[in-house]
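Engineer: pasting a predicted model and its sequence here:
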Amino acid sequence: MMQKPYRITCDIGGTFTDIVGYDRDTGDIHVEKVLTTLSDPAVGVFEGTMKLLKSALGREDMEVVGDFVHGTTIIINTLIERKGAKTALITTAGFEDVLEIGRSERYDTYDVLAEYLKPLVPKRYRKGVKERVYSDGEILIPIDKVEIEQILDAFKKEGVESVAVCFLHSYVNPTHEIAVKALAATRVPDIPVSVSIDWPIGTEVERTNTTVANAYVRNKVEKYLERIESELVNKGFHKQPFLITSSGGLSPISTAKQFPIRFVESGPMGGVIASKFFGELAEKRDILHFDMGGTTAKSSLLPAGKIGETSEYEVARLKKFMPGSGILLSIPSVDILEAGAGGGSIAAINVLGLLEVGPESAGSVPGPICYGRGGQDPTVTDADLVIGYLNPDYFLGGEIRLLRTDAAEGIALKLGTQLEMRAEDVAHAIHQITVENMANAISQDAAQKGEDIAQYTMVASGGAGPMYAYDLAKTLGIGQVLIPPYPGVLSAVGFLMAPRSCDVARTLITPLEELEPSLIGEVYEDLRRSALKLLPKGSNHDVALFSLSMDMRYAGQRHEINVPIIANATHENAIRALRQDEVLDAFQDVYSSLYGDILLGYLIEVVNWKMKFVLPPEKVEICAVCRSAGTLGEARKGHRMVYSHKTGSYAEWNVYERRRLPCGCKFAGPALIEERESTTVLGPEGKAEVDRLGILHIQVE
């Protein structure tokens, strides 16, 4: 069957929904951006998709579309907003309060009045049952089926909509969880059941949290995805759509319906993949991915171009930038940091009388004051408009006209009067606070990982990322910034490059000295069987590459470190030939890089075995974006008055149309480079150059 030529990717953000179309035959990329319809995100998805197809191809159906890839915020938003299903938990007697006890750690040591998240499952719906399995898998107390049936009947009577099951040590012996799931299928077939053996990791808190969160969002996600599938068929698309996982791989919607928690942070991952892609094209080694959109800013370090991963991810924090105040999940995820505010973040005066930015956001509804949609609170976007960075007549290519006077009056009324400052000075302060917040978060993250941030090249994306990249890089001491093509929709562009993949894991605590080939082969086969259930049907699994890592520790330690063992192997012989000394060397290398030394004479243990299976991604050949045959002078649109806090007045800055910048052109700041989805700020001392692919190289001075 001939492959259809067009691919569509979609990324739903808190403020905007981004759509990208890619033509396999020509390499052309078409983009569309619409306001996110928060009440029903699917509306924005298809509004943007059909708008793109009509403008790019003159079509009103999806018959030419061969792939549809979706990144969604519905899962994380459901957790944050607490709008999931009425969920119940069945667990081992004595472990009903794991959701509240957590790790028994305070996220703010010095705040004696610190609040904590309420569990997703109220105490009345948490039921402990008489069962017990030893840590070696031996069953001490068999499960009582009558007890389980009575609990399920009671749940149904009380209107429970979803059930999570998490038993102690089920990751070693899943018999009891399998039995409960089977009983529920016949006793309460209309109530979906999530079991912890779908992510068989030994850490009790994270495994319980993950299972409960999956159950909590499952019903809503399933209905949403069914609607997406139905609407796609109505539009003429008859293939299997994909979602992007939190670890940056593509997975079929059928998997997302059953395991939605694997997709909790699907959207931002595309930007990391695209930053790696364009960073490599520009021949840059160490990359700082920086993405600032309408709601938040995120960053990720890619040392030597390698995307970092983590197996623990915290969501729905009570205190937005305070680790430990959220729900800690055991899911594979790209290592990405929420670094600060977005364009819709609200500026306010705190109880100390000081100006602060975020974490509350105006979103797309009502939005910033300048949108003219009823917003009353000053935001980052309002501030950047008052400063002069944004063109009020060219926001989203002119589709949204920004109201500068309203923004200035709102800032003056809400903030300026109390601070006794002019609107433009308050606007500059909002901008600078946003920069400093992001710089602090990024520099701390780099320091914790032992990285010299000054040696990195920043790749900026998102609707607001290019506007803040220059000032942020200067604050961090970074000398080079890359603005790739299509920066305002870069996450959706990254979806084009994402491979079809899955991550599987298993807890099997094993002393390193007992790591024999037969055991390694047994674990590999177990993980491979699990992976085949998650990889897309119809795929050629024989060509999948696998990577193995192990969570390891010195015996007696509480925490483990993740140790990469095998990367991108093509055949199982690679794992069967694995030797103890290779694993030991890998562990010592990682341990010494983190802590500066190794301990001799101590027993080393393997705790978790983690494997990623990746099908070779489709090669994306983006047609050169830099097509202008004109001159730099022809690309100049005119000038705009931009406020300088140093002089206390406005000065003229050159304004360029990015798509008209010719290949190889060089120019100096101060300047604003406009395109439909974003605006790039080039500071007064900065220099810029456009390469053959249209990547904008900025030298920060």
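Structural biologist: Looks like it arrived, so ask away. These numbers were taken from a predicted model, which means no experiment stands behind them.
Engineer: show the pLDDT at the closest residue to S649 other than its chain neighbours.
Structural biologist: By the measure of Cβ to Cβ, 6 or more residues apart in numbering, the closest residue to S649 outside its immediate chain neighbours is Y643, 7.5 Å from it. Every C-beta, even on glycine, is put in place using the N, C-alpha and C of the backbone. We have a pLDDT of 94 for Y643.
Engineer: next helix or strand past the longest helix seen in the chain?
Structural biologist: Determined from DSSP state H, the single longest helix within the chain is helix 204-234. Per DSSP states H and E, helix 204-234 leads on to strand 242-244 as the next helix or strand towards the C-terminus.
Engineer: one step back: next one: the longest helix of the chain to chain centre, how far?
Structural biologist: Distance of helix 204-234 from its chain centroid, counting by Cα atoms, centre = their mean, to the nearest Å, is 17 Å.
Engineer: make residue 1 into 13 and carry on from there
Structural biologist: Taking 13 as the first residue, the last one we looked at is helix 216-246.
Engineer: confidence-wise, which helix or strand of this protein is lowest on average?
Structural biologist: Counting by mean pLDDT, DSSP states H and E, the chain has its least confident helix or strand at helix 585-588, which shows a mean of 76.
Engineer: buried residues, it. List them.
Structural biologist: Going by neighbour count (16 or more other Cβ atoms under 10 Å), the buried part of helix 585-588 is 586-587.
Engineer: look up how far E372 lies from I88.
Structural biologist: I88 sits at a distance of 16 Å from E372 (criterion: Cβ to Cβ, to the nearest Å).
Engineer: how does this protein divide into domains?
Structural biologist: Following the assignment in automatic domain parsing, the chain carries domains at 18-90+234-275, 96-229, 281-353+447-507, 357-443, 512-627, 647-700.
Engineer: and those domains: which comes nearest G706?
Structural biologist: With Cβ to Cβ as the criterion, G706 lies closest to domain 281-353+447-507 of those, at 4.7 Å.
Engineer: quick check: mean pLDDT of that closest one?
Structural biologist: Computed over domain 281-353+447-507, the average pLDDT equals 89.
Engineer: and for stretch 516-526?
Structural biologist: 89.
Engineer: then stretch 672-692?
Structural biologist: Mean pLDDT, stretch 672-692: 92.
Engineer: show the backbone phi and psi for the residue nearest to K247 when sequence neighbours are not counted.
Structural biologist: Residue nearest to K247 in three dimensions, not counting chain neighbours: M74, with 4.4 Å by Cβ to Cβ, 6+ apart. Taking degrees, to the nearest 10, you get phi -110, psi 30 for the backbone angles of M74.
Engineer: check contacts around M74.
Structural biologist: Applying Cβ atoms under 8 Å, 6 or more residues apart in numbering to M74 gives the contacts 20, 61, 65, 80, 244, 247-249.
Engineer: how close does it sit to T522?
Structural biologist: Applying Cβ to Cβ to M74 and T522 gives a distance of 50 Å.
Engineer: name the residues of stretch 324-335 that are buried.
Structural biologist: Neighbour-count burial for stretch 324-335, with 16+ other Cβ under 10 Å as criterion, is recorded at 325-329, 331.
Engineer: kindly apply the preceding question to stretch 181-196 instead.
Structural biologist: Under 16+ other Cβ under 10 Å, the buried positions of stretch 181-196 are 181-189, 191-193, 195-196.
Engineer: what lies in contact with it?
Structural biologist: With Cβ under 8 Å, 6+ apart, stretch 181-196 has contacts from 102, 143, 145-151, 155, 157, 160-161, 164, 175, 177-179, 203, 205, 207-209, 212-214, 219, 518-520.
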